[in-house]
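J.: quick one, fold the following:
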Amino acid sequence: MRRWILIFVLIIDIFLFGILQADEDKLSAERLAQWNLNYASYLIDVGKYLEALDAYNTAYEVTTYRKTKFRALLYKANLLATFLDAEEEALKIYDQIIKEYPEAEEIALYRKGLLLFDMEKWQDAIKVLSTYLQKYPQGKFRFQAEVLLEKAKKAIPPPPPPPTKRPKVRVLLYRKVNRVVISGKNLTINGHPLSQNHLTCYYQQGVVCANYPSALSYTITANTPLEITAKKRKKKVRGSILLLAREGSLMVINVVDIEKYLWGVVPSESFPSWPLETLKAQAVASRTYAFYQVLHRKNWDYDLVDNEGDQAYKGVERETPHTTRAVQETEGLVLVEKNRPILAMYTANSGGYTADAGCIFQLYKSYLIAHPDPPSLKGKMAYWKKTFSKKEIENSLRRIGLNIKGLQDIIPVEKGPSGRIIKVKIIARQGTDIYRTRTILRRALKLPEILFFIKKKGNFFIFEGRGWGHGVGYSQWGAAELGEKGYTFKQILQFYYPCTELKKMW
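T.: Reported below is the predicted structural model:
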């Protein structure tokens, strides 16, 4: 009798362990989803829109909670419409939410109407907003919907846009500092000249302070480039400095003419020794990217960050005559599609085949497609190899919130036309699942790219890959090789951004 009781208890323990393990797996997946939702917000802040899109895709795929799924879809639709000029894709997502998640229908229906209004599709907007008010007469957005509906009914074609002025860009140099020292000749602060050539500013009780009346913001200029020292780092830049009191600290922003901004970007993103035509191509790509951000961040405090999140900007001390010439000889030239500046993504090395943004990030752009790129294989950063033990991979995955026990194999299950591995199946003793390669495996192991082969050897996995970066758009090392071969900057840009045109904007 005792024997049967022990067996019964053992069966119950196994059953309960299975339930607890299932709950733990579910919670682990939800933690990973929430991390990706939060991380996507940071990625948007620093201009990494495609990576943010991938994070939303990951959150949607790994979670089992309906609320998290429709939140991921809502955030993704907003990203597509606001920052990626992919309004039609956003509309499809709102339709998906309306169809599959009735608990989120109200917000999706309103946002769809708002987006159609912004797209100036007046009749479609009237139809959707009217439907919203009929279904939700006491809804959260009824007042906004009523206002939009009246405006849509009275809508008249907008006047033609004014000619594009040569813009200034707002470059975020420091996000959170308590003290900054600014140096330059003939300094002014909010238009008032100062007697000294050094100014120390600090944050105190919600305002910016110095030996000058405190205020919510300071604008500082000089007759020479300004040197900014904060967090034990120095940078010398052209233009002016804007100091804002934000979130209990100072935000330091460089406001500078876009062409002079590029004087510091091109030598930071390229080698000044590269052919002039390659540097001119980089200048156009960087100008297009910067102008795109200016147009999409009008309601922000800044347009760009000064690092690789957007594009590297190391200021006056990185400038060279050769790279400045490349900027000057392409002044005002911007890549456009349907008369709109493109999202001019570029990568260090494509690994011999550019990536398709639609397959990898679910962003469909005619100019961000996969195609062979043999010149990149002759450049640096084209090949790489990394080896990890099973235990190292398990630990690395655990650090990003994915609890894998008893790793057995990693198998590619989805590839794009370039050969990049979009999804992998991770087989473990305690379960098997499929994950997005970029947001899970690449991030955990810090792999340079997702264009690789996986070899299993005993307790080790060997990743042999090509390329460096996301692989989308322009390949910097490939462009260097094309320049050496005698390609003009226009030919280089057409190779990497097909279906686009060059337009002189100022």
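J.: mind showing which ranges of this protein have poor pLDDT?
T.: Residues of the chain meeting the criterion pLDDT under 70: 1-26.
J.: what's the domain layout of it?
T.: Domain assignment for the chain, taken from automatic domain parsing, gives 2-153, 168-328.
J.: so which of these comes closest to Pro448?
T.: Pro448 sits nearest to domain 168-328 of all the domains of the chain, at 13.6 Å, using CB to CB. Yep, even glycine has a C-beta here, placed from its N, CA and C like the rest.
J.: how about the residue lying closest to Asn186 once chain neighbours are set aside, secondary structure?
T.: Residue nearest to Asn186 in three dimensions, not counting chain neighbours: Asn223, with 4.4 Å by CB to CB, 6 or more residues apart in numbering. Three-state call for Asn223 (DSSP: H, G, I helix; E, B strand; the rest coil): coil.
J.: Asn223 contacts Gly184, doesn't it?
T.: Yes. Contact criterion CB atoms under 8 Å: Asn223 and Gly184 qualify, at 7.3 Å.
J.: okay, these two: which has more neighbours?
T.: For Asn223 versus Gly184, the count of surrounding residues by other CB atoms under 10 Å is larger for Gly184: 22 against 9.
J.: contacts only, for the residue lying closest to the more buried one once chain neighbours are set aside.
T.: Spatial nearest neighbour of Gly184, excluding adjacent residues (CB to CB, 6+ apart): Ala222 at 2.9 Å. By CB atoms under 8 Å, 6 or more residues apart in numbering, the residues touching Ala222 are 184-188.
J.: if I look at Ala222, how far off is Ala326?
T.: As judged by CB to CB, to the nearest Å, Ala222 and Ala326 stand 27 Å apart.
J.: coming back round to it: now do the phi/psi pair for the residue nearest to Asn186.
T.: Backbone torsions for Asn223, taken as degrees, to the nearest 10, come to phi -80, psi -10.
J.: how much space between it and Lys92?
T.: For Asn223, the distance to Lys92 - CB to CB - is 53 Å.
J.: do the same with Thr437
T.: Taking CB to CB as the measure, Thr437 falls 24 Å from Lys92.
J.: who has more neighbours out of these two?
T.: Thr437 (24 against 12).
J.: that one contacts Lys423, correct?
T.: Yes. The criterion here is CB under 8 Å, and Thr437 meets it with Lys423 at 6.1 Å.
J.: so who does the nearest residue to Ser475 once chain neighbours are set aside touch?
T.: Nearest residue to Ser475, sequence neighbours excluded (CB to CB, 6+ apart): Ser350, at 3.9 Å. For Ser350, the contacting residues are 373, 376, 467, 471, 475, 478, by CB under 8 Å, 6+ apart.
J.: please report phi then psi for the first one.
T.: Recorded main-chain torsions at Asp373 are phi -140, psi 70, according to degrees, to the nearest 10.
J.: distance check, the nearest residue to it once chain neighbours are set aside against Ala344.
T.: In this structure, Asp373 finds its nearest non-sequential neighbour in Ser350, 4.6 Å apart by CB to CB, 6+ apart. Between Ser350 and Ala344 the computed distance is 15 Å (CB to CB).
J.: and if you look at Lys127?
T.: In terms of CB to CB, Lys127 sits 36 Å off from Ala344.
J.: more crowded one of the two?
T.: Comparing Lys127 with Ala344 by other CB under 10 Å, the one with more neighbours is Ala344, at 25 against 14.
J.: wait, that one touches Leu502, no?
T.: No. The criterion here is CB under 8 Å, and Ala344 misses it with Leu502 at 11.7 Å.
J.: CA atoms only for the helix or strand harbouring Leu279 - export them in CSV, please.
T.: Using DSSP states H and E, Leu279 sits within helix 276-296. C-alpha atoms of helix 276-296 as CSV (Å, rounded to 0.1, in the frame of the first residue of the first chain):
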residue,chain,number,x,y,z
LEU,A,276,36.5,61.3,-53.6
GLU,A,277,33.5,59.7,-55.4
THR,A,278,33.0,57.3,-52.5
LEU,A,279,33.1,60.2,-50.0
LYS,A,280,30.6,62.1,-52.1
ALA,A,281,28.2,59.1,-52.1
GLN,A,282,28.6,59.0,-48.3
ALA,A,283,27.9,62.7,-48.1
VAL,A,284,24.6,62.3,-50.0
ALA,A,285,23.6,59.3,-48.0
SER,A,286,24.3,61.1,-44.7
ARG,A,287,22.6,64.3,-45.9
THR,A,288,19.5,62.3,-46.9
TYR,A,289,19.4,60.5,-43.6
ALA,A,290,19.8,63.7,-41.6
PHE,A,291,17.2,65.6,-43.6
TYR,A,292,14.8,62.6,-43.2
GLN,A,293,15.2,62.8,-39.4
VAL,A,294,14.6,66.6,-39.5
LEU,A,295,11.3,66.1,-41.2
HIS,A,296,10.3,63.3,-38.8
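J.: show the subsequent helix or strand relative to it.
T.: Using DSSP H and E, the helix or strand that directly follows helix 276-296 along the chain is strand 304-305.
J.: for that following strand, packing partners?
T.: strand 168-177 (3 or more CB pairs under 8 Å, 6 or more residues apart in numbering; DSSP states H and E).
J.: which positions in the strand it packs on come out as buried?
T.: Using 16 or more other CB atoms under 10 Å as the test for burial, strand 168-177 gives 168-175, 177.
J.: list the strands paired with it, with their directions.
T.: Strand 168-177 pairs in its sheet with strand 249-257 (antiparallel), strand 304-305 (parallel), by DSSP bridges.
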